[in-house]
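> coordinates only, no sequence provided:
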C-alpha cells in the first residue's frame, strides 16, 4: 500500500487568491492524496492600468510582479484555522521574502518565532524562473548563489529544514543539446558551501523553454556528487522532459529513478484554485 503526498501545492495563486483549505482537502480526498506540502505564492501579479482585463497568471500580460510578504501570514492563518486532525495533513512552508535583500532573513526569523513548531521548511523561493524573473519589479536578478540567501541557508541547516528552490538549470531558449547548463554552477556553489543543506530543486531545474534532451544525465552527476540534493517532479518537467511524445517515461529517466529511489518528490504544482470531490 502506498501513501500519496503532494510535495508541491500552492494554496495561493498569483493574485493571492485561493479556493481555501476545505476545497483543497476535498480535492485531495477525491484523488487519494493523503498529505501535502502547503506553499503560498511569494510573488503577486500587478494589474497594470494598460491592461483591460485582470490577469490570472504571471504570463497573461506584460504587467510586473512584486514580492508579497503577507503571503506567509495567510498560510499560517489558514493552517491554524484547521482542526488538529486536518492540520496533520499539511506541512506549511514559507518564502514570501525578497531573495535579493540581505535583510530577508529577518522575515524568516520573525515568522519562525511567531509560530514556533508550525513551519516545516522554506519554499518555494523564486530565483531564476524564465518570464517570471523578467517581470519582477527588481533591478537585481534573484539567483541561488546570491549573498542575501546565505543566512537563509544557514537557518535551514541549523533547524534541519528542507529548502525548496526554483532555479532554472539553463537560460530560456530553444531546446538545446550541448550539455551545458548556464546556471548550474550557481546551485553547485551553494551545495559546495552548505553541504548539509537539504535542498529540494523545484522542477529539477526544468522550465518552459529551459531543458535539454539529456537533462537526466546532468541530474545523475549532481545526485552522485551531492547526497543532500532532492529533485522535485512537478509542473512541466514530466511532460516536457521525462516523457516522450507517447507519454511514456524515457528509459534514461526510468534508470535514474531506480538508481535514486529516495531522491525524488512528486507534486501537482496546483496553484490557488482547486476542484472538489472527485477532482484532480
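Nice, I can see it. Quick caveat, the model's predicted, so the values are computed rather than measured.
> can you list contacts of the lowest-mean-pLDDT helix or strand in the chain?
Lowest mean confidence among the helices and strands of the chain (mean pLDDT, DSSP states H and E): helix 130-135, at a mean of 73. Contacting residues not belonging to helix 130-135 are listed as 43, 58-59, 62-65, 126-127, 141-142, 168, 172, 207-210 [C-beta atoms under 8 Å, 6 or more residues apart in numbering]. In this view, the C-beta of every residue, glycine as well, is placed from N, C-alpha and C.
> let's see that with 10 Å instead.
For helix 130-135, the external contacting residues (C-beta atoms under 10 Å, 6 or more residues apart in numbering) are 14, 43, 45-46, 58-59, 61-66, 126-127, 129, 141-143, 166, 168, 171-172, 207-210.
> and the residue nearest to residue 15 when sequence neighbours are not counted, what pLDDT?
Closest residue in space to residue 15, ignoring its immediate chain neighbours: residue 45 at 6.0 Å, by C-beta to C-beta, 6 or more residues apart in numbering. Residue 45 is assigned a predicted lDDT (pLDDT) of 92.
> so who does residue 45 touch?
Each residue near residue 45 by C-beta under 10 Å, 6+ apart is listed here: 13-16, 54-61, 63-66, 68, 132, 135.
> pull out the buried residues from the contacts of helix 130-135.
Among these, those scoring as buried are 14, 43, 45-46, 58, 61, 63-65, 126-127, 129, 142-143, 166, 168, 172, 207, 210 (criterion: 16 or more other C-beta atoms under 10 Å).
> and the residue nearest to residue 15, bridged to which residues?
residue 65 (DSSP bridges).
> just the strands in the chain please.
With strands called from DSSP state E, the chain shows them at 5-10, 35-39, 43-45, 65-67, 90-94, 121-126, 162-166, 198-201, 229-233, 264-266, 270-271.
> reformat those strands as JSON lines; add distance to residue 148.
Conversion of those to JSON lines gives the following (distance: least, C-beta to C-beta, whole Å):
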{"stretch": "strand 5-10", "distance to residue 148": "23"}
{"stretch": "strand 35-39", "distance to residue 148": "20"}
{"stretch": "strand 43-45", "distance to residue 148": "16"}
{"stretch": "strand 65-67", "distance to residue 148": "12"}
{"stretch": "strand 90-94", "distance to residue 148": "16"}
{"stretch": "strand 121-126", "distance to residue 148": "11"}
{"stretch": "strand 162-166", "distance to residue 148": "13"}
{"stretch": "strand 198-201", "distance to residue 148": "17"}
{"stretch": "strand 229-233", "distance to residue 148": "21"}
{"stretch": "strand 264-266", "distance to residue 148": "26"}
{"stretch": "strand 270-271", "distance to residue 148": "26"}
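> so which of those strands gets nearest residue 101?
strand 65-67 (8.6 Å; C-beta to C-beta).
> was I right to think residue 91 contacts residue 5?
Yes - proximity of residue 91 to residue 5 meets the contact threshold set by C-beta atoms under 10 Å, at 8.7 Å.
> of these two, which one has the most company?
residue 91 (20 against 17; other C-beta atoms under 10 Å).
> which one is that one nearest to, not counting chain neighbours?
Leaving aside its sequence neighbours, residue 91 sits nearest to residue 120 (C-beta to C-beta, 6+ apart; 3.9 Å).
> so residue 34 makes contact with residue 4?
Yes - applying C-beta under 10 Å, one finds residue 34 in contact with residue 4, separated by 5.7 Å.
> shared neighbours, the two?
residue 28.
> just want the most central residue of the protein.
Computing the C-alpha centroid of the chain and ranking residues by C-alpha atoms, centre = their mean puts residue 124 first, at 3.7 Å.
> okay, buried residues for stretch 253-271 please.
Buried-residue list, stretch 253-271, by 16+ other C-beta under 10 Å: 253, 256, 260, 263-265, 267-271.
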